[in-house]
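1. Sharing a sequence plus its predicted fold:
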Amino acid sequence: MNRPLIVFQSDDWGTQRIPSGIESKIQFDYLNEFLQFDTLEDKDDLDNLKWEVENIATQICKPVNFTLNIVSGNPNFSKIRANDFQKYFVQDLDQSYSYYGFNQAQIKVQWFHISNSASFDLQFHSREHVNSQLWLKALQKRDQMTEAAFDLGFWGLSTNYTRTSHKSFMATWDEKPMETDELNFKEGIKLFKDYFNIKPISFVPNNYIFPIGNIKFVEKNEIKSIQGREYLIQPQKSKFFRFRRKVPRKMGNIEIGSNSLISIVRNVQFEPSKDLFSNKHNESFTPQIDLAMNQINLAIMKGLPAVIDTHRVNYVGGRNEQNRDYGLQQLRKLVEMNRSTLMRLSNPIGLLHWVRILTNLKIKFHNILVRNMRQP
Ligand SMILES: [Zn+2]
């Protein structure tokens, strides 16, 4: 019996983009749903998501696989200021939650429950979500908006600065590779392990940008798979040369530049916050759930797992509670619409031995993965 797989992969947990209550202190453009709704998760957000996902799984009597990809630190604002914006310093998650006024002990307990839940996997996104080189450059030049946000303890604005340089503060790896890259990556993994007491085995680069030359140190850190879209985007070569090389990726293949990393390719986008954003700004839109259903059906028709890209923004209510309620309600609806096709895909560590055998036999791992998925 064919039974396709549906999994959720959600990025950005742990990072602060825009703190709640900031809107009255700084004027910025609400260019998209992230700028409108995204913020660091609080205990209630984690509580609600865990309850909802586990409850859906119980109701449909099928496991739901929700991977939360973690940013394991945030900028240490006081140290960066004390060093006159010359050097980047990180604060870990405990420090971050306290810095933004949350009860870090309660949040840690909630994360512990989530990491022990059969419905969730915690994996690695990055040490920080900010492009520290680009951000520090803007601060050194005393860019007004960037510094105003800094003074309020955040960096997640789409400022004139980033728009004119055609780069985003979000894309950590969108710079020439540096000698410190490997150490920073390793430190990110260490912060993750220290906080969650588990080892990540899967990684998704910020904004899907990651230099191929750095893939080797991802392997060295015992990561087994890379999540992302159909391309791995290479950093911009220079500010005058805006073309970016896109390296194609295919589900289940070995990642280019690596010997063992399995590519997991997201082929569905589900961002219900976009509906609310469009509604708020009187833009016409097709609901995300309809778009996602079309993409899921297409994936299933091709015999591929439906790997759903769904960011943290949809499930946090710190800046707008309606945003979280709507995100969870749409999530429930989407799962219910797919209940007959839902199955669990755990991170493919158990399938890794196949990779070596099949690579030796020169059989594409992809074919086997698809065949495995078709087992009941
Ligand atoms: Zn991200």
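-> Arrived safely.
2. quick one: what helix or strand has the residue of the stretch 1-150 of the chain found nearest the ion in it?
-> Per Cβ to the ion, Asp11 is where the stretch 1-150 of the chain lies closest to the ion, at 4.0 Å. C-betas here are computed from N, CA, C, even on glycine. According to DSSP states H and E, Asp11 maps onto strand 6-13.
3. What mean pLDDT does that strand get?
-> Summarised as a single mean, pLDDT over strand 6-13 is 92.
4. Now it - C-alpha only, PDB.
-> Presented in PDB, the C-alpha positions along strand 6-13 are these (Å, rounded to 0.1, in the frame of the first residue of the first chain):
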ATOM      1  CA  ILE A   6       4.300  14.300   5.700                       C
ATOM      2  CA  VAL A   7       6.700  16.100   8.000                       C
ATOM      3  CA  PHE A   8       6.900  19.600   9.300                       C
ATOM      4  CA  GLN A   9      10.200  21.500   9.600                       C
ATOM      5  CA  SER A  10      10.100  24.800  11.500                       C
ATOM      6  CA  ASP A  11      13.000  27.200  11.700                       C
ATOM      7  CA  ASP A  12      14.100  30.200  13.900                       C
ATOM      8  CA  TRP A  13      13.200  28.900  17.400                       C
END
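5. is the helix or strand just after that strand up against the ion anywhere?
-> Per DSSP H and E, the first helix or strand lying C-terminal to strand 6-13 is helix 33-37. No. Judged by Cβ under 5 Å from the ion, helix 33-37 and the ion are separated, with a smallest distance of 9.5 Å.
6. Report how far apart the opening and closing residues of stretch 226-238 are.
-> 26 Å (Cα to Cα, to the nearest Å).
7. Also stretch 232-247?
-> 5 Å.
8. So for that stretch, what gets flagged as buried?
-> For stretch 232-247, the neighbour count (16 or more other Cβ atoms under 10 Å) marks Leu232, Ile233, Gln234, Pro235, Gln236 as buried.
9. What about the residues you listed, which are in strands?
-> Using DSSP state E, the subset of these located in strands is Leu232, Ile233.
10. Using JSON lines, lay out the buried residues of stretch 232-247 together with pLDDT and distance to the ion.
-> Formatted as JSON lines, these follow (pLDDT from 0 to 100; distance: Cβ to the ion, whole Å):
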{"residue": "Leu232", "pLDDT": "94", "distance to the ion": "14"}
{"residue": "Ile233", "pLDDT": "91", "distance to the ion": "13"}
{"residue": "Gln234", "pLDDT": "90", "distance to the ion": "18"}
{"residue": "Pro235", "pLDDT": "86", "distance to the ion": "16"}
{"residue": "Gln236", "pLDDT": "77", "distance to the ion": "18"}
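11. Using the three-state scheme, assign the nearest residue to the residue of the stretch 1-150 of the chain closest to the ion once chain neighbours are set aside.
-> Ranked by Cβ to Cβ, 6 or more residues apart in numbering and with sequence neighbours excluded, the top spatial neighbour of Asp11 is Asn69, at 4.5 Å. Under DSSP: H, G, I helix; E, B strand; the rest coil, Asn69 falls in the strand class.
12. give the contact list for Asn69.
-> Asn69 is in contact with Gln9, Ser10, Asp11, Asp12, Trp13, Leu122, Gln123, Phe124, His125, Ser202, Val204, Gln227, counting by Cβ atoms under 8 Å, 6 or more residues apart in numbering.
13. same question, Glu219
-> Ser258, Asn259, Ser260, Leu261.
14. one step back: taking the contacts of Asn69, tell me the two that lie furthest apart.
-> Pairwise distances across the contacts of Asn69 (Cβ to Cβ) peak at 15.1 Å, for the pair Asp12 and Ser202.
15. follow-up on the earlier one: the residue of the stretch 1-150 of the chain closest to the ion is in contact with Arg312, isn't it?
-> Yes. If you go by Cβ atoms under 8 Å, Asp11 and Arg312 touch, sitting 6.7 Å apart.
16. what residues does this protein put near the ion?
-> By Cβ under 5 Å from the ion, the residues of the chain that approach the ion are Asp11, Asp12, Asn206.
17. Could you dump the residues you listed into CSV and include neighbour count and distance to Ala149?
-> Below are the residues of the chain next to the ion laid out as CSV (neighbours: other Cβ atoms under 10 Å; distance: Cβ to Cβ, whole Å):
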residue, neighbour count, distance to Ala149
Asp11, 28, 21
Asp12, 25, 18
Asn206, 23, 18
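18. Which residues are in contact with the nearest residue to Asn83 once chain neighbours are set aside?
-> Counting by Cβ to Cβ, 6+ apart, the nearest residue to Asn83 once its immediate chain neighbours are dropped is Phe89, at 7.3 Å. Shown in contact with Phe89 (Cβ under 8 Å, 6+ apart): Pro75, Asn76, Lys79, Ile80, Asn83.
19. Tell me the buried residues within those.
-> Pro75, Asn76, Ile80.
20. residues contacting the second one?
-> By Cβ under 8 Å, 6+ apart, the contact set of Asn76 is Phe89, Val90, Gln91, Gln95.
21. Next one: Val316 relative to the ion, how far apart?
-> According to Cβ to the ion, to the nearest Å, Val316 and the ion sit 14 Å apart.
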